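# Dropping a prediction and its sequence here:
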Amino acid sequence: MKKRWYEFLWIAELLYWVLGLCNILFAWLGVIFFAVPLLIAIIGGNKAYCNRFCGRGQLLGLLGGKLKLSRNAPPPRFLRSKWFRYGFLAFFMTMFGLMLFSTYKVFAGAPLREAVTLLWVFKLPWQWAEVGMVAPWMAQFAFGFFGVMMTSTVLGLVTMVLFRPRSWCVYCPMGTMTQGICKIKQKKGCGSCGGAGQEDRGIT
């Protein structure tokens, strides 16, 4: 069976990491991964991004499924629970807000911190980055955003190994947000969530 073009979007996910490691300013490209699923949910009223176009989900599926790096065990029930998903979304957005605040402080004159924070705790020095061609606040956003993307990817890899390949999709903050947007639009009669996809159930 011939594969569709969007089944190769895992390459875009890999390319993002390669480019980001070569130059931290490429971290700005990750904004696309934030904006597109929200726009699809707001305009289309569905979770097409999660179900078809998520390069990270595809990559986790390849690593855990085809490369057999996953235990392929069912994710624990609490990961699926509403309290955990929305609680994790709230926590994630709080950390994202703090990252934006750090960017604002640099914009206001604070010194640039050349470090990527992994798992919101571990600061990875990044002094080799070439960021002199942009304003300091733009560089600070890149460091912070790359840390956000790296943290979520590490969590996805951990749950991939421990459980089923795409278990991250069960509690992914972006998936939770788009699901909420779809439900709101469905109530207003503007669209349909189309039900939970395989990614939402973490069964692929």
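Ah, there it is. Numbering: from 1, shown residues only.
# low-confidence ranges in this structure?
189-204 (pLDDT under 70).
# Going along the chain, name the helices of it.
For the chain, applying DSSP state H gives helices covering 10-22, 30-39, 48, 55-61, 77-80, 82-107, 136-162, 168-171, 173-187, 198-201.
# Using CSV, please lay out the ones you listed together with distance to residue 126.
C-beta: built from backbone N, CA, C; applies to glycine. Shown next, in CSV, are the helices of the chain (distance: least, C-beta to C-beta, whole Å):
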stretch, distance to residue 126
helix 10-22, 10
helix 30-39, 16
helix 48, 35
helix 55-61, 22
helix 77-80, 31
helix 82-107, 14
helix 136-162, 6
helix 168-171, 25
helix 173-187, 24
helix 198-201, 31
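# Nearest to residue 115, out of these?
Residue 115 lies closest, by C-beta to C-beta, to one member of the helices of the chain: helix 136-162, at 6.4 Å.
# Would you mind giving the helices of the chain as CSV with mean neighbour count added?
Shown next, in CSV, are the helices of the chain (neighbours: other C-beta atoms under 10 Å):
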stretch, mean neighbour count
helix 10-22, 15
helix 30-39, 15
helix 48, 18
helix 55-61, 24
helix 77-80, 13
helix 82-107, 15
helix 136-162, 20
helix 168-171, 26
helix 173-187, 19
helix 198-201, 19
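# between those helices, which gets nearest to residue 116?
That would be, of these and by C-beta to C-beta, helix 136-162, which comes in at 4.4 Å.
# Next, the angle helix 10-22 makes with that closest one.
Using axes from the mean of the first three to the mean of the last three C-alpha atoms, to 10 degrees, one finds that helix 136-162 and helix 10-22 are set 130 degrees apart in direction.
# Distance from helix 136-162 to the middle of the chain?
8 Å (C-alpha atoms, centre = their mean, to the nearest Å).
# by contact count, what packs against it?
helix 10-22, helix 30-39, helix 55-61, helix 82-107, strand 115-118, helix 168-171 (3 or more C-beta pairs under 8 Å, 6 or more residues apart in numbering; DSSP states H and E).
# Give me the helices and strands touching the second one, please.
This means helix 30-39. Using 3+ C-beta pairs under 8 Å, 6+ apart, the elements in contact with helix 30-39 are helix 10-22, helix 136-162, helix 173-187.
# These: which one's closest to residue 31?
helix 136-162 (7.3 Å).
# Just put the helices and strands packed on helix 136-162 in CSV and tack on distance to residue 146.
Listed next are the helices and strands packed on helix 136-162 as CSV, based on distance: least, C-beta to C-beta, whole Å:
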stretch, distance to residue 146
helix 10-22, 5
helix 30-39, 7
helix 55-61, 14
helix 82-107, 10
strand 115-118, 5
helix 168-171, 18
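# ok, residue 29 - contacts?
Listed by C-beta atoms under 8 Å, 6 or more residues apart in numbering, the contact set of residue 29 reads 16, 19, 20.
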